[in-house]
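> just coords:
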């Protein structure tokens, strides 16, 4: 990296870092792993900075790959105790019922109970607002698979204990 | 799926991560680490092509037994004291034997990192194990074809002119950046002043990158010292010590270019060699204030920054060793 590239890289990280870490937070099982995923993603981006045309797309694909690799590695290891349960309680300042801190453990558990692909599709479609075609291209799957995966993941969240009430409440309001 | 469900999920995902902010220092630390890796980067696979091209050139010349045309930095007939020291290191390097074993295991220590790199001499693949310290996590990475393999290094030219040309070609290919997309703006188009890097800067940087690399054999290392002896601006200090206090020959050079318009960026590259064997003990890069290099401690780049890599040991193994840091 020459100095111009360092400057451009740091500018990209300043502009997109928060968004990338938020995506990593949703994809990874805990905040510490999310920060590791974010850092590893930036490291891989830095190593290829001069050859990457679309850094944002590159980062999303890399994060997905890292999370898939980590999930496979965890699956090969004996089950570990979740020492960090309850550590990510979210922002206690929010008063919005949809943002209530009581929901966060349930949302975390619901996200963790999805497959990595379901979780990634959900995050890219509804957090990152990517189109089905964009998500399909990023993950290397068909647009139809994106649609059906998103649908299944949403249905799973609707039925997940602790979250179902939100969907039900909203349904009754409609 | 009802659109309302999508909206609920959007709200949930955004609300859950509203408070998330990355520490500012992460990007800077990543950039610092990448600079250090770049500095240690060696001639990549493009060198294979360069070596083949050079070999073809040699074959074309040999039938006539004509002497190659003198390059822009032909050796002085009378060697200066500095050049004699470099020729002495060249001889010492030529006397060393190439390590035996498939995998080179190299332990290094940086300003804030300890690394163990395992390099496959047959493929150029590299496993890198990093010991966490000073807030840096432990970690490991694998890079396929990090460098040429031993055979490809052995095929590189050792004549000064051909080696010099190969290093310049490689520098150019490694730093080739995509052209920025044109932006339509009203008014006169600003003209960016290109950064120019002199050929001698490229040669010194590439040669000093290669000297530390374990897959570079004695013949090529010997040739690299002779090549450095012919690069203007090289300074040799015979009574130096590295940061561990080991006696060393210090070979250093300050860039003569690097800023737009060919102005020197003031960056000094130095490599410290074992006087008896020519092995690299340490390499440093010193960035002066205003060279746009920032660190977490100096976010505005107003201080002199020296990146140090100490080479602790290189051994050879027949299998890939396990992560020494227990990762």
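Sure, I can see it. Bear in mind that the values here come from a model prediction, so they are computed numbers and not experimental data.

> which residues of the stretch 51-200 of chain B score low on pLDDT?
Along the stretch 51-200 of chain B, segments meeting pLDDT under 70 span B:51-77, B:111-112, B:132-139, B:174-195.

> can you give me the helices for it?
Secondary structure of the stretch 51-200 of chain B (DSSP state H, counting those that start in this stretch): helices at B:81-95, B:150-154, B:160-174, B:199-211.

> what's the answer for chain A, then?
Taking DSSP state H, the helices of chain A run over residues A:3-27, A:31-47, A:55-76, A:103-113, A:116-122, A:132-139, A:143-159, A:164-173.

> Show me the domain layout of chain A.
A:1-79, A:94-174 (automatic domain parsing).

> and residue B:214, how many neighbours?
For residue B:214, the count of nearby residues is 23 (other C-beta atoms under 10 Å in any protein chain shown). Every C-beta, even on glycine, is put in place using the N, C-alpha and C of the backbone.

> contacting residues around it?
If you count contacts by C-beta atoms under 8 Å, 6 or more residues apart in numbering or on different chains, residue B:214 has them with B:99, B:104, B:106, B:119, B:314.

> burial count for the spatially closest residue to it that is not a sequence neighbour?
Excluding its sequence neighbours, the residue lying closest to residue B:214 (C-beta to C-beta, 6 or more residues apart in numbering or on different chains) is residue B:104, at 3.7 Å. Using other C-beta under 10 Å, residue B:104 is surrounded by 21 other residues.

> Quick check: bridge partners of residue B:104?
With DSSP bridges as the criterion, residue B:104 is bridged to residue B:119, residue B:316.

> what's the distance between the closest residue to residue A:33 other than its chain neighbours and residue B:247?
Leaving out its chain neighbours, the residue that sits closest to residue A:33 by C-beta to C-beta, 6+ apart is residue A:70, at 7.1 Å. Taking C-beta to C-beta, to the nearest Å as the measure, residue A:70 falls 46 Å from residue B:247.

> Could you do residue B:153 as well?
Taking C-beta to C-beta, one finds residue B:153 at 28 Å from residue B:247.

> So the two - more neighbours on which side?
Taking neighbours as other C-beta under 10 Å, residue B:153 and residue B:247 compare with residue B:153 leading, 25 against 14.

> related to what we said a few turns ago, now do the residue nearest to residue A:33 against chain B, distance only.
12 Å (C-beta to the nearest C-beta, to the nearest Å).

> And residue A:59, by the same measure?
Counting by C-beta to the nearest C-beta - residue A:59 and chain B are separated by 12 Å.

> dump the residue contacts of that residue.
Taking C-beta under 8 Å, 6+ apart as the test, what residue A:59 contacts is A:16, A:20, A:41, A:42, A:45.

> same thing but at 7 Å, please
Residues counted as contacts of residue A:59 (C-beta atoms under 7 Å, 6 or more residues apart in numbering or on different chains) are A:20, A:41, A:45.

> Same question for residue B:116.
Applying C-beta under 7 Å, 6+ apart, we find residue B:116 in contact with B:105, B:107, B:129, B:324.

> Just the closest of those residues to chain A, please.
Minimum distance to chain A across those is 14.8 Å, recorded for residue B:129 (C-beta to the nearest C-beta).

> neighbours around that closest one, how many?
By the measure other C-beta under 10 Å, the count of residues near residue B:129 is 22.

> Strands of chain B, residue ranges please.
With strands called from DSSP state E, chain B shows them at B:103-110, B:114-120, B:126-131, B:139-143, B:235-241, B:247-254, B:258-259, B:263-264, B:268-273, B:280-287, B:305-317.

> Of those, which is nearest residue A:35?
Residue A:35 sits nearest to strand B:139-143 of all those, at 12.7 Å, using C-beta to C-beta.

> can you list contacts of that closest one?
So strand B:139-143 is in contact with B:125, B:126, B:127, B:128, B:129, B:130, B:323, B:327, going by C-beta under 7 Å, 6+ apart.

> Strand partners (parallel or antiparallel) of it?
In the sheet, strand B:139-143 lines up with strand B:126-131 (antiparallel) (DSSP bridges).

> from the chain's centre, how far out does the strand it pairs with sit?
Distance, stretch centre to chain centre, for strand B:126-131: 17 Å (C-alpha atoms, centre = their mean, to the nearest Å).

> what comes into contact with that strand?
B:113-119, B:138-143, B:146, B:320, B:323-325, B:327.

> Select only the buried ones of the residues you listed in PyMOL?
To isolate the buried ones among the contacts of strand B:126-131 in PyMOL, judged by 16 or more other C-beta atoms under 10 Å in any protein chain shown, type:
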select buried, chain B and resi 113+114+115+116+117+118+119+139+141+146+323
